[in-house]
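Asker: got a structure for you, letters missing:
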């Protein structure tokens, strides 16, 4: 659906994006993550044709955005960070205009406007001037505009900004429902939102792509195999001795009493290898029951912090 | 393009802009008509109103800039240009849609003030051919100035800045003939003048391409052309500056229409002038993508 090949964008001597490449297949919901100034909006602006890259190419359904902008842009619906709304138009007039811009005839644009207003719960406000709408509703009008003419690729820059919790849930559900027949790229600062909506993540940092994968794989790949959590039934002293003398563990910390005679420990492996099997056998040989033994799973936030270098700073 | 044209027209009437422009245009024209044509009993609307220096300064330095100031500047300011530039429409369609909307409002004003020559015709004798030629001239001249205003709006981000620069451009165009009369004549002056133009083009090419070879080639080609022109037509160099500047003067060509002369080359020149400024607006719009 979307192929971004080696795009670079410079502002003066500063690289806003440096050799960024990624590929998004049909039906994916992709989250674009990065700290402020990482290049998220620049990437979105390049992919939508608002600005041009200094190097590289963007292919939408195999069509080069620079060489054939019209057919390429016909496949894109874009909601920028600040929705491009004309305050003095009504919601309906604005959507008709957006539809006509995308090549729909007046009648078809009317039908399409009715469809997207229904989808975004704007029907009751169709005759209101946009300037009289709340921020949340303006955001919906922006999304409705992006949905006009039913583009295959939706690019949403911070779609949750300014929404109250209920509106955020509605927006999240709407984006999820759109994934059935659309490809969606969205950026957000709210990592939990990205985690709950997206199945794929792209992380940018200082204009460079530093990670691209499925959310679960990203969490697993970046998990720390050297940190384990173990829940064992037995006496505290025996558990401690076994951990200390196993040769597998460099250090360990008692965490809590899970229940009577069952304790949870955090252990740090002596090597980078996965020691779970060997550690299990250490306790099994002593006929001690291991209730659970897991490497520490990182959340998306942990992964983000780790990859963008925030962890070290803190 | 039609969608952009319709939205622009709607936008003119959903704000004060069209009303302010039309009200000022009709009232000031009516004032000149009353004071000159009615009070003094003069029957020539074109010669005494449309050709009046104060009237022209009002139209081209105050009223038309009101019409063109927001075309692009406000879109950039409000970031609504993102909708246009990411839509499957070309920069040409955007520029033409906006330009034609402004031109339509201007034509509406011209249509309204047609009532004044009609009043003269109903109560006396109107020099019809002169009036028609004057109207055609004003429409063409204004078309050029709207194109200039469109270009200015496409290069700035603040409507107020667009109106100020457009007003200065209007004064420059109207006073161009006076400025030309101050220019020196003679072979040396013409040669220096042409060299300055060639150097200017070479510098612009360097700024645009950042390639010194391109600007050097332009510089050498320009110098060659000047030398060839000198050996082929030495006489032209005597009044070279004034002749060439008078040739490009919009106001001089407008005067022909006001004097009842319908000159085809002037019509083609004014249409070409408009096309050049619209092309420059397209380039300015496209350039924003590469900023």
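Answerer: Done, it's in. These numbers come from a predicted model, not from an experiment.
Asker: roughly how far apart are the spatially most central residue of chain B and chain A?
Answerer: In chain B, the centroid-proximal residue (CA atoms, centre = their mean) is residue B:145; its distance is 2.2 Å. Noted for residue B:145: a distance of 26 Å to chain A, by CB to the nearest CB, to the nearest Å. C-betas here are computed from N, CA, C, even on glycine.
Asker: Identify the residues contacting that residue.
Answerer: B:60, B:64, B:169-170, B:173 (CB atoms under 8 Å, 6 or more residues apart in numbering or on different chains).
Asker: Same question for residue B:143.
Answerer: B:103, B:106, B:270-271, B:274.
Asker: Using the three-state scheme, assign it.
Answerer: helix (DSSP: H, G, I helix; E, B strand; the rest coil).
Asker: So for it, what pLDDT did the model give?
Answerer: In this model, residue B:143 is scored at 95, pLDDT.
Asker: Nearest to chain A within the stretch 101-250 of chain B, name that residue for me.
Answerer: residue B:210 (12.7 Å; CB to the nearest CB).
Asker: per-domain residue ranges of chain A.
Answerer: A:2-75+A:152-220, A:89-146, A:224-296 (automatic domain parsing).
Asker: Reformat the ones you listed as a markdown table; add mean pLDDT.
Answerer: Shown next, in a markdown table, are the domains of chain A (pLDDT from 0 to 100):
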| stretch | mean pLDDT |
| --- | --- |
| domain A:2-75+A:152-220 | 84 |
| domain A:89-146 | 91 |
| domain A:224-296 | 86 |
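Asker: Adding mean neighbour count and distance to residue B:1, write those out as JSON lines.
Answerer: Shown next, in JSON lines, are the domains of chain A (neighbours: other CB atoms under 10 Å in any protein chain shown; distance: least, CB to CB, whole Å):
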{"stretch": "domain A:2-75+A:152-220", "mean neighbour count": "18", "distance to residue B:1": "13"}
{"stretch": "domain A:89-146", "mean neighbour count": "19", "distance to residue B:1": "10"}
{"stretch": "domain A:224-296", "mean neighbour count": "15", "distance to residue B:1": "58"}
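Asker: need those in JSON lines with distance to residue B:239, can you?
Answerer: JSON lines is the format used below for the domains of chain A (distance: least, CB to CB, whole Å):
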{"stretch": "domain A:2-75+A:152-220", "distance to residue B:239": "47"}
{"stretch": "domain A:89-146", "distance to residue B:239": "52"}
{"stretch": "domain A:224-296", "distance to residue B:239": "85"}
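Asker: Make JSON lines out of those and add distance to chain B.
Answerer: As requested, the domains of chain A are arranged in JSON lines below (distance: least, CB to the nearest CB, whole Å):
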{"stretch": "domain A:2-75+A:152-220", "distance to chain B": "4"}
{"stretch": "domain A:89-146", "distance to chain B": "4"}
{"stretch": "domain A:224-296", "distance to chain B": "42"}
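Asker: Which among those domains is found nearest to residue B:279?
Answerer: Closest approach to residue B:279 among the domains of chain A (CB to CB): domain A:2-75+A:152-220, 18.3 Å.
Asker: How far away from the center of its chain is the closest one?
Answerer: 9 Å (CA atoms, centre = their mean, to the nearest Å).
Asker: same thing with stretch B:40-57?
Answerer: 20 Å.
Asker: Same question for stretch B:278-290.
Answerer: 18 Å.
Asker: what's near enough to touch residue A:307?
Answerer: With CB under 8 Å, 6+ apart, residue A:307 has these contacts: A:203, A:205, A:210-211, A:222.
Asker: rerun at 7 Å
Answerer: Shown in contact with residue A:307 (CB atoms under 7 Å, 6 or more residues apart in numbering or on different chains): A:203, A:205, A:210-211.
Asker: Which element is encountered next along the chain beyond the helix or strand where residue B:227 lies?
Answerer: Using DSSP states H and E, residue B:227 maps to helix B:212-232. Later in the chain than helix B:212-232, the nearest helix or strand by DSSP H and E is helix B:240-248.
Asker: Just want the angle from whatever helix or strand comes next after that next one to helix B:240-248.
Answerer: Next along the chain after helix B:240-248, taking DSSP H and E as the criterion, comes helix B:250-258. Interaxial angle of helix B:250-258 relative to helix B:240-248 (axes from the mean of the first three to the mean of the last three CA atoms, to 10 degrees): 50 degrees.
Asker: What residues sit buried inside helix B:250-258?
Answerer: By neighbour count on 16 or more other CB atoms under 10 Å in any protein chain shown, the buried set for helix B:250-258 is B:250-251, B:253-255, B:257-258.
Asker: if I read this right, residue A:29 contacts residue A:197, doesn't it?
Answerer: Yes - with contact defined as CB atoms under 7 Å, residue A:29 counts as touching residue A:197 (5.9 Å).
Asker: got any residues that touch both of those two?
Answerer: residue A:175.
Asker: what pairs with residue A:9 across the strands?
Answerer: residue A:17 (DSSP bridges).
Asker: Name all residues that make contact with it.
Answerer: A:16-17, A:42, A:46, A:53-54.
Asker: State the pair within the residues you listed that is farthest apart.
Answerer: Maximum distance among those (CB to CB): 11.1 Å, for A:42 and A:54.
Asker: what are the bridge partners for residue A:231, then?
Answerer: Under the criterion used (DSSP bridges), residue A:231 bridges to residue A:264, residue A:292.
Asker: just checking, it touches residue A:291?
Answerer: Yes - using CB under 7 Å, residue A:231 is in contact with residue A:291, at 4.0 Å.
Asker: which neighbours do these two share?
Answerer: With CB under 7 Å, 6+ apart as the test, residue A:231 and residue A:291 both reach residue A:262.
Asker: quick one, helices of chain A?
Answerer: A:40-47, A:69-73, A:91-101, A:106-119, A:135-147, A:165-178, A:191-197, A:215-221, A:236-245, A:276-285, A:300-307, A:310-313 (DSSP state H).
Asker: what's the closest non-adjacent residue to residue 193?
Answerer: Using chain A. In space, and not counting its chain neighbours, residue A:193 is closest to residue A:160: 5.6 Å by CB to CB, 6 or more residues apart in numbering or on different chains.
Asker: Sorry, I should have been clearer: chain B.
Answerer: residue B:241 (5.0 Å).
Asker: tell me the contacts of residue A:21?
Answerer: A:4-6, A:209.
Asker: gap between it and residue A:217?
Answerer: 18 Å (CB to CB, to the nearest Å).
Asker: circling back: name the residues that touch the helix holding residue B:227?
Answerer: B:191, B:194-195, B:198-199, B:201-203, B:205-206, B:237.
Asker: Buried only: go through those for me.
Answerer: B:191, B:194, B:198, B:202, B:205-206, B:237.
Asker: Export those residues as a markdown table, with columns for secondary structure.
Answerer: Below are these laid out as a markdown table (three-state DSSP):
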| residue | secondary structure |
| --- | --- |
| B:191 | helix |
| B:194 | helix |
| B:198 | helix |
| B:202 | helix |
| B:205 | helix |
| B:206 | helix |
| B:237 | helix |
